[in-house]
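[1] Predicted structure and sequence below. I'll ask about it afterward.
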Amino acid sequence: MFQHVTVLKEEAVDGLSVKPGGIYVDCTLGGAGHSELIASRLGDNGRLIALDQDDWAHDNARIRLAPSIHKVTLIKSNFRHLEEALREAGVPERDGIPQVDGILFDLGVSSPQLDEAERGFSYQHDAPLDMRMDREGTLTAYEIVNEWEEREISRILDRYGEEKFARRIAKEIVKARARKPIETTGELAELVKAGIPAAARRTGGHPAKRSFQALRIAVNDELGAEEEALLQAVRCLAPGGRVSVITFHSLEDRICKQLFAKFVEKCSCPPDFPLCVCGAKGVLKLVNRKPIEPGPEELAANPRSRSAKLRIAEKL
């Protein structure tokens, strides 16, 4: 069983307001911390459907969820295929769309993925450049770093890593790969470091952090998958159902915030009208106006939780 500390576990599951006989979806099974808590709150006629594209997560879940496994359906899938997975699981439909009572997303990479050197996610271990969450995927960080144009590498680092020195880093990468292929995370981390001025390297943590995040997002199309999945989640929630979304960086949080806002009722009547006459109808209501963040105890126990934000919305 791999070790993984689940972030905002109680808060995210509390946000779903679990009904004992309801149908719930954990779109990011990971270490199964959220799934375990959801399953513990379900009665024997309740149901949990858990998705993950990583075989390790499924192997771990079969052990960790063993006492509740009769309530659980494990599906190997990227959450961008949420609707398809729910149909596969035989979830009851309304107007041709599967309907569930709650959906949870924990968009962070699980600690075992970061810590296992061979996965190539971390700048702290020297390993082959990979970064695939789904080991059956075809695109790897090696391909991006060694084959993509300098301009595209720079765009990825800027857009997904918000890296100020994206162009300089991309230039260092292209210069180095002209001599020999860049094969390991250690080599890449040194090239990133070389592309950042010495003064800037002295602040803000490890200099390769933003670039590695950017490559991981690009390899797995994480932001595209998030947007697709959240749209499906809104469709698949039954009235009164809730969605809890934990994000770990500003790009993820912005997508969630903007998508929720798009579905929240917006009255266009002048502010001095005593009653609404525009007839605007929303699809969602926000359960928490501001995102919930980890408290001091969680931050002390798990420093990786410091950037986490939780947003919760309810289907009207």
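    All right, it came through fine.
[2] and the helix or strand hosting I153, what other elements does it pack with?
    I153 is part of helix 150-161, with elements assigned from DSSP states H and E. For helix 150-161, the elements it packs on are helix 141-147, helix 166-177, helix 209-220, judged by 3 or more C-beta pairs under 8 Å, 6 or more residues apart in numbering; DSSP states H and E. For every residue, glycine as well, the C-beta is placed using N, CA and C.
[3] which one of these has the most crowded surroundings?
    Each of the helices and strands packed on helix 150-161 was assessed for mean neighbour count using mean count of other C-beta atoms under 10 Å. The highest is helix 209-220, with a mean of 24.
[4] What is the neighbour count of A238?
    17 (other C-beta atoms under 10 Å).
[5] what about the helices in this protein?
    Taking DSSP state H, the helices of the chain run over residues 9-16, 33-41, 55-64, 82-88, 111-115, 141-147, 150-161, 166-177, 185-195, 198-201, 209-220, 222-236, 250-263, 296-301.
[6] Let's have the ones you listed in JSON lines, adding mean pLDDT and distance to D101.
    Formatted as JSON lines, these follow (pLDDT from 0 to 100; distance: least, C-beta to C-beta, whole Å):
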{"stretch": "helix 9-16", "mean pLDDT": "98", "distance to D101": "8"}
{"stretch": "helix 33-41", "mean pLDDT": "98", "distance to D101": "11"}
{"stretch": "helix 55-64", "mean pLDDT": "94", "distance to D101": "20"}
{"stretch": "helix 82-88", "mean pLDDT": "98", "distance to D101": "12"}
{"stretch": "helix 111-115", "mean pLDDT": "59", "distance to D101": "29"}
{"stretch": "helix 141-147", "mean pLDDT": "98", "distance to D101": "38"}
{"stretch": "helix 150-161", "mean pLDDT": "97", "distance to D101": "33"}
{"stretch": "helix 166-177", "mean pLDDT": "98", "distance to D101": "43"}
{"stretch": "helix 185-195", "mean pLDDT": "97", "distance to D101": "41"}
{"stretch": "helix 198-201", "mean pLDDT": "92", "distance to D101": "48"}
{"stretch": "helix 209-220", "mean pLDDT": "95", "distance to D101": "28"}
{"stretch": "helix 222-236", "mean pLDDT": "97", "distance to D101": "10"}
{"stretch": "helix 250-263", "mean pLDDT": "97", "distance to D101": "18"}
{"stretch": "helix 296-301", "mean pLDDT": "93", "distance to D101": "26"}
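[7] I'd like to know which of the ones you listed is closest to S307.
    S307 lies closest, by C-beta to C-beta, to one member of the helices of the chain: helix 250-263, at 8.6 Å.
[8] Give me the contacts around that closest one.
    107, 160, 162, 217, 222-223, 226-227, 230-231, 234, 245, 247, 282-284, 286, 291, 309, 311, 313 (C-beta atoms under 8 Å, 6 or more residues apart in numbering).
[9] want to try TSV for the helices and strands packed on helix 150-161, with distance to L8 as columns?
    Below are the helices and strands packed on helix 150-161 laid out as TSV (distance: least, C-beta to C-beta, whole Å):
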stretch	distance to L8
helix 141-147	28
helix 166-177	31
helix 209-220	20
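[10] Out of those, the one nearest G240 is which?
    helix 209-220 (32.5 Å).
[11] and the direction of that closest one versus that of helix 166-177, what angle?
    Angle, helix 209-220 to helix 166-177, by axes from the mean of the first three to the mean of the last three C-alpha atoms, to 10 degrees: 70 degrees.
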